[in-house]
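S.K.: Output the structure for:
(chains A and B)
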Amino acid sequence: MWRLSAIFLKVGFLSFGGGWSVVGVLKNELVGNGILTPEEFTKAVSIAQVTPGPVAINLATYTGYKDYGLFGAVLNTLSFLAAPIAIVLAVFLLGSRAKIDKERWAGALKGACTVMVFVTLLSLLRNHLDLWTVLLSIGAFFLTLRKVHPLLIVFGCGALGVLFSL
Amino acid sequence: MLHKLFFLFLKVSTLTLGGGYAMVPVMKWELERAKLLEEEEFLKILSVAQAIPGPIAFNTAVLVGKRLKGVAGAVISGLAVVLPPFFAIVLVAEFINTFRESVALRGFLNGVYAAVVGLVASVLYQFVKSQKWSLRKTIILATAAAVLFIKSSLVVPVVILLLVLLYSKGV
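M.R.: Numbers count the residues shown, from 1 in each chain, chains lettered A, B, ... in the order given. Predicted structure coming up:
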């Protein structure tokens, strides 16, 4: 349980630019260390997406809860949030003495996030996907480009998934 | 004031599905409507929230709380954002556990997974599109991506190196 929280603590410090940039890192850490099977990870990602709240926090809460109950869920969630809490505290204490070029930092983050989202996409694709899942993903991608609401896409694909499975 | 903040963020966090980026515009709207924060102030806070690690919705709430009501405001707002998804996940996990043999549920989650792949591809596309691509930057990012393609377990050191490199070179 502590090992699991340590992973979320570590990854918390890298969680820039929206949840999707860290999902790939989390998969490497969780599946690579044998804490979750690829199938369990796939399920956890889907669950995190259809539940209200930030995807990465949901993932932390769910994996903690699944194996260790409420205590694991609390511990995991807090571990993941420790990084932002620590940094906000540091900013309060240091005030504006720390000089960071904001524009530059934002640019650097964007670059790093691009690579991290790429890693996430790659790791999501590494699960053996059957043909119709791939087709559905491509469809979902083009729908987002046409500004269809993501929730509509998520639940629409879920409904199609139910139809296919019956 | 504190309870007002708490219920505002609680409401946004409970009712907004689809991750942090879906929550931010709703927060902005609610804060303006409650006459707690002007748009300009909110956008300033948002840019800080994006510059530090952590879920964007959580960071924004904590910083807004701090701005309006000091440390107590920060704690209350952070809690209000985290509590609803926490209990939602616990409920959903129980539900899934009860119906884990269900073929329909498995189908549903597989369908959602496909949608997630599409959404992530679209996030990547937006990231790529919204940046200026100098030759140097392209080479740095492509190298990092190639290294991670071959050895994905190196992601933590590579990302840290990447951040340092991009920031110090200002690309």
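S.K.: C-terminal to the strand or helix carrying residue B:82, what's the next element?
M.R.: Take DSSP states H and E as the rule and residue B:82 turns out to sit in helix B:56-98. Next along the chain after helix B:56-98, taking DSSP H and E as the criterion, comes helix B:103-129.
S.K.: And that following helix, how far out from the chain middle?
M.R.: On the basis of C-alpha atoms, centre = their mean, to the nearest Å, helix B:103-129 is displaced by 16 Å from the centre of the chain it belongs to.
S.K.: Which other helices and strands does whichever helix or strand comes after it contact?
M.R.: Per DSSP H and E, the first helix or strand lying C-terminal to helix B:103-129 is helix B:135-150. Secondary-structure packing of helix B:135-150 (3 or more C-beta pairs under 8 Å, 6 or more residues apart in numbering or on different chains; DSSP states H and E): helix A:102-125, helix B:155-169. For glycine as for every other residue, the C-beta is placed from the backbone atoms N, C-alpha and C.
S.K.: Now do the shortest one: everything it contacts.
M.R.: What it means is helix B:155-169. Residues outside helix B:155-169 that contact it (C-beta atoms under 8 Å, 6 or more residues apart in numbering or on different chains): A:10-11, A:14, A:24-25, A:28, A:101, A:104-105, A:107-109, A:111-112, A:115-116, A:119, B:136-137, B:140-141, B:144, B:147-148.
S.K.: What subset of these is buried?
M.R.: A:10-11, A:14, A:24-25, A:28, A:105, A:107-109, A:111-112, A:115-116, A:119, B:137, B:140-141, B:144, B:147-148 (16 or more other C-beta atoms under 10 Å in any protein chain shown).
S.K.: is the longest helix seen in chain A anywhere near chain B?
M.R.: Secondary structure of chain A per DSSP state H: the longest helix is helix A:55-94. Yes. Contact of helix A:55-94 with chain B is found when judged by C-beta under 8 Å from any C-beta of the partner chain, involving A:55-58, A:61-62, A:65-66, A:70, A:73-74, A:77, A:81, A:83-85, A:87-88, A:91-92.
S.K.: From chain B, how far off is residue A:102?
M.R.: Noted for residue A:102: a distance of 7 Å to chain B, by C-beta to the nearest C-beta, to the nearest Å.
S.K.: Could you tell me how many residues sit around that residue?
M.R.: 11 (other C-beta atoms under 10 Å in any protein chain shown).
S.K.: which residue sits closest to it in space, ignoring its chain neighbours?
M.R.: Of all residues not flanking residue A:102 in the chain, residue B:51 sits nearest, at 6.6 Å (C-beta to C-beta, 6 or more residues apart in numbering or on different chains).
S.K.: repeat for residue A:59
M.R.: Once flanking residues are discounted, residue A:59 sits nearest to residue A:48: 4.5 Å by C-beta to C-beta, 6+ apart.
S.K.: Can you report the mean pLDDT over the residues of stretch A:1-13?
M.R.: The average of the pLDDT scores along stretch A:1-13 is 88.
S.K.: Show me which residues of that stretch are buried.
M.R.: A:4, A:5, A:7, A:8, A:9, A:10, A:11, A:12, A:13.
S.K.: So what's the residue count around the residue nearest to residue A:102?
M.R.: Residue B:51: 17 surrounding residues under other C-beta under 10 Å.
S.K.: mind listing what it touches?
M.R.: By C-beta under 8 Å, 6+ apart, the residues touching residue B:51 are A:100, A:102, A:105, A:106, A:109.
S.K.: can you do 10 Å?
M.R.: Shown in contact with residue B:51 (C-beta atoms under 10 Å, 6 or more residues apart in numbering or on different chains): A:16, A:87, A:91, A:100, A:102, A:105, A:106, A:108, A:109, B:59.
S.K.: thinking again about what came up before, can you tell me which of the helices and strands packed on helix B:135-150 is packed in deepest?
M.R.: Ranked by mean neighbour count under mean count of other C-beta atoms under 10 Å in any protein chain shown, these are led by helix A:102-125, which reaches a mean of 21.
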